[in-house]
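Novice: When you get a sec, could you give me coordinates for this:
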Amino acid sequence: MSPTSSTTHDVVLIGGGIMSATLGALLQRLEPTWSIALYESLDQAGLESSDPWNNAGTGHAALCELNYAPMGGDGRVSTAKAVAINEQFWVSRQFWSSLVQDGTLTDPKNFINPLPHMSFVWGDAHADYLRARYEALSAEPLFAQMEHTEDPDRIRDWAPLLMDGREPGGRLAASRHPGGTDVDFGSLTRQLVTSLAARGAEVRFGHRVTGLSRGTDGRWEVTVRNTAADTELVDRARFVFVGAGGGALSLLQHSGIPEIRGYGGFPVSGQFLRCTDEATVNRHMAKVYGQAAVGAPPMSVPHLDTRFVNGRRSLLFGPYAGFSTNFLKTGSYLDLPRSVRAHNLTTMLDVAKDNMDLTKYLVTEVLKSRDRKDGTLREFYPAADSSDWELITAGQRVQVMKRKGRFGGVLQFGTEVVSHADGSISGLLGASPGASTAAPIMLTLLERCFPAKQEQWRPVLEALVPSFGRSLNQDQALLDEVRSATDAALKLG
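Specialist: Residues are numbered from 1 along each chain as shown. Modelled structure (predicted):
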């Protein structure tokens, strides 16, 4: 098909998720004269990984996720990763607060709500670890509000479903942080994209990017197909951001930039049990995370999770990991085989060799019956009635496989910003902690792609994120000031 039209923009955003929406909102404030276009293949923004039913974790802040605070061989719990992720989430909170204050985001209850975050374990070894984690983290200013108990009655006060029907005996332990939140990233994304359009960005839904190449003049030629009209256009852009979730790997490969060489993707799907009994839903008000099964990826940590979706309270348990070769929930079964290149084949083979426990875990999960899924739920909520829970399919995640050495590879559970050396194109690969740290990830991207602009942009960035360039964990007065201001703006008090 020959292109039927062409256009030109300073910036093209590929994908209508939280990452593109965040980057667009930042650029409109940093460079208000730049022209921006956003292309999304679906009929509205935030329907893939940003959607709350597809997002395995809403409001990641390392308050309850145990894998962010590992115990070393010396028996000490490392707090570095948990503190770093919590700092990042505070950057996002400050950014959202600024957008509420300037009217970009409407009633914050539409996308963020206060919700305690808990960790819950059983057995001596896990209880000993949770105590050590609490002692290490509660010494950090960002986690100073954390509470801990091994008293079953207090655990019942915090989350009664955890104790309903539980046989007496056996050691239980729980930690709780009252300052957690739940975030509906679908609602947040749609508000941000609506604002982009209102401020002059060209937002096109039902437009799938099918090609990405460098023109002779240095601009990127983005080929876009209008799926309804079956027409094509070419958008020539000075800067391109590939924020297409699982579709980002393929588009970055099409771009031909050398920085993408060696990268592969490992897709992981998931399911949740969603409670249909309103009385049960209303008895639980927390995000409760446990320990991951041996060999399970971090994104498969079991949790009994209160969520607010479109303003309505809900309760989920899961996830139950699965496997599909799709890179997007709406993608193709050919996504994985089509991603294989000569330059990433050894990476992928080495990762497969070194992660047989993960393969075994995924096979076991795929074959798990509904009765066994219900059994896992009852480890958290012993009195659960199977008839009150429906099985739903969650989103698709693509974990990063990254070259290690000349021929090796490593599976990376995190997010990865991949940028061309000249800063003209950048994309995001990976999953967790993902959406919750969208603002700091996009700030990192801007620093990498536009280093000469940083001093010029600093006053605007400091207005949007008052702690910009500083550590809240190392400045108690700043932390108190930021917490008070964001709680007030986001109505979290």
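Novice: Only C-alpha atoms from now on, for both contacts and neighbour counts.
Specialist: Will do.
Novice: hey, where'd the helices end up in the stretch 151-300 of the chain?
Specialist: 152-158, 185-198, 248-255, 278-281 (DSSP state H, counting those that start in this stretch).
Novice: just checking, what packs against the second one?
Specialist: Meaning helix 185-198. helix 18-30, strand 202-205 (3 or more CA pairs under 8 Å, 6 or more residues apart in numbering; DSSP states H and E).
Novice: That helix to helix 18-30, inter-axis angle?
Specialist: Angle, helix 185-198 to helix 18-30, by axes from the mean of the first three to the mean of the last three CA atoms, to 10 degrees: 40 degrees.
Novice: May I see the buried residues of helix 185-198?
Specialist: 185, 186, 187, 188, 189, 190, 191, 192, 193, 194, 195, 196 (16 or more other CA atoms under 10 Å).
Novice: My guess is the fourth one contacts residue 111. True?
Specialist: Yes - in this structure residue 188 lies within contact range of residue 111 using CA atoms under 8 Å: 5.5 Å.
Novice: re the thing from before, ok, which of the helices and strands packed on helix 185-198 comes nearest residue 273?
Specialist: helix 18-30 (24.7 Å; CA to CA).
Novice: tell me which residues of the closest one are tucked away?
Specialist: For helix 18-30, a neighbour-count test (16+ other CA under 10 Å) marks 18, 19, 20, 21, 22, 23, 24, 25, 26, 27, 28, 30 as buried.
Novice: what does stretch 370-386 give?
Specialist: Applying a neighbour-count criterion of 16+ other CA under 10 Å, the buried positions in stretch 370-386 are 373, 374, 376, 377, 378, 380, 381, 382, 384, 386.
Novice: which one of those residues sits closest to residue 98?
Specialist: residue 380 (38.0 Å).
Novice: Counting neighbours, what do you get for the closest residue to that closest one other than its chain neighbours?
Specialist: Distance criterion CA to CA, 6 or more residues apart in numbering; nearest residue to residue 380, sequence neighbours excluded, is residue 162 at 5.6 Å. The number of residues packed near residue 162 is 23, by other CA atoms under 10 Å.
Novice: Equivalent analysis for residue 9, please.
Specialist: 18.
Novice: pLDDT score for it?
Specialist: Listed pLDDT for residue 9 reads 98.
Novice: Pretty sure it sits in a strand.
Specialist: Yes - checked against DSSP: H, G, I helix; E, B strand; the rest coil, residue 9 lies within a strand.
Novice: in the sheet, who's paired with it?
Specialist: residue 237 (DSSP bridges).
Novice: which residues touch it?
Specialist: 34, 35, 36, 37, 235, 236, 237, 238 (CA atoms under 8 Å, 6 or more residues apart in numbering).
Novice: and the two most separated of the residues you listed?
Specialist: For these, and using CA to CA, no pair is farther apart than 34 and 235, which are 14.7 Å apart.
Novice: ok, for residue 486, nearest residue in space, not its chain neighbours?
Specialist: residue 97 (5.7 Å).
Novice: mind checking the SS state of the one you found?
Specialist: helix.
Novice: How much space separates it from residue 164?
Specialist: Separation of residue 97 from residue 164 (CA to CA, to the nearest Å): 38 Å.
Novice: more neighbours, those two?
Specialist: residue 97 (24 against 15).
Novice: Identify the residues contacting the more buried one.
Specialist: Residue 97 neighbours (CA under 8 Å, 6+ apart): 486, 489, 490.
Novice: Mind giving me the PyMOL command for buried ones among those?
Specialist: Selection of buried members from the contacts of residue 97 for PyMOL, criterion 16+ other CA under 10 Å:
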select buried, resi 486+489+490
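Novice: what would the buried residues of stretch 370-386 look like in CSV with secondary structure?
Specialist: CSV is the format used below for the buried residues of stretch 370-386 (three-state DSSP):
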residue, secondary structure
373, helix
374, helix
376, helix
377, helix
378, helix
380, helix
381, coil
382, coil
384, coil
386, helix
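Novice: So for residue 34 and residue 235, which residue has more residues nearby?
Specialist: Set side by side, residue 34 and residue 235 show more neighbours around residue 235, with 22 against 14, by other CA under 10 Å.
Novice: Please tell me I have it right and the more buried one contacts residue 4.
Specialist: No - using CA under 8 Å as the test, residue 235 is too far from residue 4 to be in contact (11.5 Å).
Novice: Spit out the contact partners of the residue positioned nearest the centre of the chain.
Specialist: Nearest residue to the geometric centre of the chain (CA atoms, centre = their mean): residue 434, 2.5 Å. By CA under 8 Å, 6+ apart, residue 434 lies in contact with 414, 415.
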